[in-house]
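Engineer: Curious how this folds, go ahead:
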Amino acid sequence: MMPSIYIAEKDVVTLILEFLESRHLHISQQSIERETGVINGCYSDDLLFFRQLILDGQWDDVLDFIDPLEAIESFNSAKFRYVVLKQKYIEMLCIKSEADELSNIEEAVDEIKKLLSQLKPLSPTNEEYTHLCYLLTMPHLSDHADFYNWNPMTGRMSAFQALLPLVEKFLSNTSKESSRVSKNDRLVNLLIKGLLYEACLDYCQKKARSVNVSIQFNKLLQCENVLSDFDLSVIYWLQHLPHDAFCNPFEQATLNINVEKLSKPLLEVYWTEHMLVTPIKPKLFPYNVMPHGRLRAADIMSRSLNPTSDGCLLGRTRGMQAMTRSSLSSFQLTEIGKNPGSVVDQLYRENASACHLSPLCESPDASKVETKGLPLSSEKSSITPVLTSVNETPEQKLIVEYFKERNKDLLLEGSVETSSVLPMTFVMPNITKPLDSSIIDHLQASNDARSCFAPANIIEDSQAIRCAEFHPSGKFYGVGSNSRTLRVFDYPKISELRKNDAVSSPGLVCKKTGHHKGSIYCLGWNPNGDLIATGSNDKTLKLMRFDVENKNFIGDEVDITVHDGTIRDVCFIEDSINKSSLLISGGAGDCKVYITDCTTGKAFQAFGGHTSPILSLYTWGGAMFASGSQDKTVRFWDLRIGGCVSVVTPITSDLSINKGSAVASTCVDPSGRLLVTGHEDGACVFYDIRGARHVQMFKPHASDVRSVRFSPSAYYLLTAGYDGKLVLTDLQGDLTRQLPSVSAAQHADKIISARWHPSDFSFLSTSADKTCALWVLPPV
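Structural biologist: Below is the predicted model:
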């Protein structure tokens, strides 16, 4: 029988990876892993995902990923957070030390101070914390002996090795390829055995011709000996030796192995560039589901190093002459629909804390504003898109998650078959249980029933709830959270609510547990209400059909994998010619806006222009949509011409010092005339789209404004901020003058989103306090 040897090149790569890791050549190791898709380790999907988050430096996502473990008493949360925050701190020090004098490092320093304050209570000893503080005094991180040869890749790999023992007992660590792991310096052992075999073969050949021969070992890179028939012949020769030849005992011998250690050169490199660049990502798990977020201070510094990234209009008009207030004519919204009535007016009249928000007294000269003439008709426009091919990846499997206790609530609603239930790393909240009274007490206590909205329904979750959207009919609303669960609830009959009614949970219509591999960042309904889309930090969009009559999801979900970063927002546009819905999506990664045909599930256009992550999208008029970005700009897009038609940098402070602020939220009024933007510095800006001019800036919040929305008739503006407040601003009258506002509601933690009901004067809010609340006007 012909002997055969099987060698898989994947195993060869695995041997090389073990060698590189054992010699701390982590830059080369991670490059090979990305290029080949091979990883030397026996890891389950959840651990692979966890490992790649660390190696990509996604520290905030690492903390989010293990958030469910915080409830387990035996989980060493303090040590885990210390290792993560320490590595994040060291990388921030590296970024700060490499910044040149012209770079904006103020926010980087603020981030470092924040990290130090977080590390202090977590440090195992005072000496360890003092050592971390001492690093802050070093001009360059490499000046310290401990970091002389430091690089981010080695630091992150060390962090993973330190964190793995803390989490592996709580997460499944079974892999289908557990046998394909290289260990015990297998590559070097094989090389030594190969040299021994070559020496043995040469000795046998020479011994057959001469008596006085000695064993000589070849050099590792000696190229004369190649694989030949002689190598197989010696095996046949051994097979024909008499049995007695193998009965002789072997003489004990010692082999001296001298391994010359590699002398690694010092690297002349700016590690900041390596930490900020988008890495190579093979289209396979876990790389293709990695979020692509960066440290906020690092992102700011990368923009400061790139002067073109402020890219548009106001960023390059420092010397412009501003218009005086007298030259800016008053701006009023056209009255649309019916005013919600005297109850809201009473809020402003009776609320003693109602504030008047001062407008920005100066606006840029309209003649200086760069615009391309927006065709902003409010009439529905047909769209004839130009098809562009976009690469797709195959459908990915779900990450199997484990806790010590497996989730027992997955089957409560009867919407999941027993055979398809996956064990989860958290216990989902039971929708049917009584609401936490402390949450209800806080929401009710923080809102004066005489002057504020009151909670009608409250939804609780095990993690922060990021998004909620009303169905176009107003009969339902969808809710997505960091617990990866999508739920749809019934909207109650507001007319039947009474003042003394207890706050309750809404009726659950349907839900999807483990809907994404990561947190659900955004969701949206198409105008017909038969499609729902969700976006996540696992970089996938999911599209599902919704049966309004039967109140359930139908058919298979469609995975859309065109993004290479966290998807921050989605919206729909109806294509009246092709009778189909178009899905607009944007986020981090390549910072592009993707247009997907919902009929085929294929993305056919990608719009580039933003230089930092897209944070918000808003559409109107049947063909127009706007995108707000971390790069401080708003871009207007028209599908009829297939591109950007205007770029605006909203002014958020005095012109002499204005540098703009990240656009966290956007909205356009129903007439298509007025844009409102919410910013990370707490400012809101009104911008006249047709007149291409800034109308007013005001600050209703103390920190990030994460949501801005006009009421159904555009009489009021609802804003939600990280200060935990929901503010209602009266838009009736001259928008260039002071605007009366009132605190409408409040959460115990940051508010992430707020949405008006399509027709009723009620709204939803989602928060980091793990609740979603439906707010209604208190009965008069």
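
Engineer: A helix includes residue 584, no?
Structural biologist: No. Looking at residue 584 with DSSP: H, G, I helix; E, B strand; the rest coil, it is strand, so not inside a helix.

Engineer: Can you name the residues bridging to it?
Structural biologist: Counting by DSSP bridges, residue 584 forms beta bridges with residue 571, residue 595.

Engineer: same deal with residue 603?
Structural biologist: residue 596.

Engineer: Repeat that for residue 455.
Structural biologist: The partner residues for residue 455, given DSSP bridges, come to residue 775.

Engineer: Settle this for me: it is touching residue 502, isn't it.
Structural biologist: No. With contact defined as C-beta atoms under 8 Å, residue 455 does not reach residue 502; the gap is 10.5 Å. To be clear about C-beta, it is placed using only N, CA and C from the backbone, and glycine gets the same treatment.

Engineer: Which of the two has more residues huddled nearby?
Structural biologist: residue 455 (19 against 7; other C-beta atoms under 10 Å).

Engineer: Tell me how far the more buried one lies from residue 744.
Structural biologist: Using C-beta to C-beta, to the nearest Å, residue 455 is found at 11 Å from residue 744.

Engineer: Overlap in contacts, those two.
Structural biologist: Counting by C-beta atoms under 8 Å, 6 or more residues apart in numbering, the common neighbours of residue 455 and residue 744 are residue 775.

Engineer: confidence score at residue 461?
Structural biologist: Among the per-residue scores, residue 461 holds a pLDDT of 93.

Engineer: Check residue 331 too.
Structural biologist: Turning to residue 331, the model gives it a pLDDT of 56.

Engineer: One more: residue 36?
Structural biologist: pLDDT at residue 36 comes out at 88.

Engineer: Verify the stated contact: it with residue 12.
Structural biologist: No. Using C-beta under 8 Å, residue 36 is not in contact with residue 12, being 9.9 Å away.

Engineer: Contacts only, for the nearest residue to residue 625 once chain neighbours are set aside.
Structural biologist: Leaving aside its sequence neighbours, residue 625 sits nearest to residue 619 (C-beta to C-beta, 6 or more residues apart in numbering; 3.9 Å). Shown in contact with residue 619 (C-beta under 8 Å, 6+ apart): 571, 572, 573, 584, 625, 626.

Engineer: what's the closest of those to residue 109?
Structural biologist: Nearest to residue 109 out of the contacts of residue 619 is residue 626 (C-beta to C-beta; 33.4 Å).

Engineer: so the closest one touches residue 617, yeah?
Structural biologist: Yes. Counting by C-beta under 8 Å, residue 626 touches residue 617, with 7.2 Å between them.

Engineer: worst-scoring helix or strand of the chain, pLDDT-wise?
Structural biologist: The weakest-scoring helix or strand in the chain, judged by mean pLDDT, DSSP states H and E, is strand 322-323 (a mean of 32).

Engineer: so what's residue 717 bridging to?
Structural biologist: Bridge pairing for residue 717 - DSSP bridges - gives residue 710, residue 729.

Engineer: Overlap of the contact sets of residue 626 and residue 617?
Structural biologist: In contact with both residue 626 and residue 617: residue 666, using C-beta under 8 Å, 6+ apart.

Engineer: what's around residue 75, how many residues?
Structural biologist: Residue 75: 18 neighbours (other C-beta under 10 Å).

Engineer: Secondary structure class of it, three-state.
Structural biologist: Following three-state DSSP, we place residue 75 in the coil state.

Engineer: list the contacts for it?
Structural biologist: By C-beta under 8 Å, 6+ apart, the contact list for residue 75 reads 69, 166, 167, 170.

Engineer: which residue sits closest to the third one in space, ignoring its chain neighbours?
Structural biologist: Closest residue in space to residue 167, ignoring its immediate chain neighbours: residue 66 at 6.3 Å, by C-beta to C-beta, 6+ apart.

Engineer: hang on, that neighbour packs against residue 168?
Structural biologist: No. Using C-beta under 8 Å, residue 66 is not in contact with residue 168; the gap is 11.7 Å.

Engineer: Compare those two (neighbour count), which wins?
Structural biologist: Set residue 66 next to residue 168 and count neighbours by other C-beta under 10 Å: residue 66 wins out with 21 against 15.

Engineer: quick one: contacts for residue 704?
Structural biologist: Residue 704 makes contact with 664, 678, 679, 680, 681, 682, 721, 722, 750, according to C-beta under 8 Å, 6+ apart.

Engineer: thought the last one was touching residue 724?
Structural biologist: Yes. With contacts defined as C-beta under 8 Å, residue 750 counts as touching residue 724 at a distance of 6.3 Å.

Engineer: Mutual contacts of these two, please.
Structural biologist: residue 767.

Engineer: While we're on the residue nearest to residue 167, how confident is the model there?
Structural biologist: 83.

Engineer: For residue 464, see how far away it is.
Structural biologist: Distance from residue 66 to residue 464, counting by C-beta to C-beta: 14 Å.

Engineer: List just the nearest of the contacts of residue 619 to residue 240.
Structural biologist: Looking across the contacts of residue 619 and measuring by C-beta to C-beta, the closest to residue 240 is residue 584, at 75.1 Å.

Engineer: where's that closest one relative to residue 573, distance?
Structural biologist: Residue 584 is 6 Å from residue 573, by C-beta to C-beta.

Engineer: hang on, the earlier thing: residue 637: which of the contacts of residue 75 is nearest?
Structural biologist: Of all the contacts of residue 75, residue 69 has the smallest distance to residue 637: 41.7 Å, by C-beta to C-beta.

Engineer: Specify the local secondary structure of that closest one.
Structural biologist: Relying on three-state DSSP, one would call residue 69 helix.

Engineer: Please name the spatially closest residue to it (chain neighbours excluded).
Structural biologist: Spatially, and ignoring its direct neighbours in sequence, residue 69 is nearest to residue 75 (4.6 Å; C-beta to C-beta, 6+ apart).

Engineer: Read off the pLDDT value for that neighbour.
Structural biologist: 90.

Engineer: what does residue 577 give?
Structural biologist: At residue 577, pLDDT is 71.

Engineer: Residue 606 versus that one, what's the distance?
Structural biologist: 21 Å.

Engineer: Residue 70 too?
Structural biologist: The gap separating residue 70 from residue 606 is 38 Å, by C-beta to C-beta.

Engineer: Please apply the same query to residue 55.
Structural biologist: Computed as C-beta to C-beta, the residue 55 to residue 606 distance reads 27 Å.

Engineer: Compare the two and say which is more crowded by neighbours.
Structural biologist: residue 55 (22 against 14).

Engineer: which stretches of the stretch 351-500 of the chain aren't confidently modelled?
Structural biologist: 351-451 (pLDDT under 70).

Engineer: go again using 80 as the cut-off
Structural biologist: For the stretch 351-500 of the chain, the stretches flagged by pLDDT under 80 are 351-452, 495-500.

Engineer: who touches the helix or strand where residue 706 lies?
Structural biologist: Using DSSP states H and E, residue 706 falls within strand 705-710. Here strand 705-710 makes contact (C-beta under 8 Å, 6+ apart) with 664-667, 669-670, 676-680, 682-684, 716-722, 731, 750-756, 763.

Engineer: From the chain's centroid, how far away is that strand?
Structural biologist: Centroid separation between strand 705-710 and its chain, computed with C-alpha atoms, centre = their mean, to the nearest Å, is 20 Å.

Engineer: change the start of the numbering to 58 and stick with it
Structural biologist: Will do, 58 is the new start, and the previous item becomes strand 762-767.
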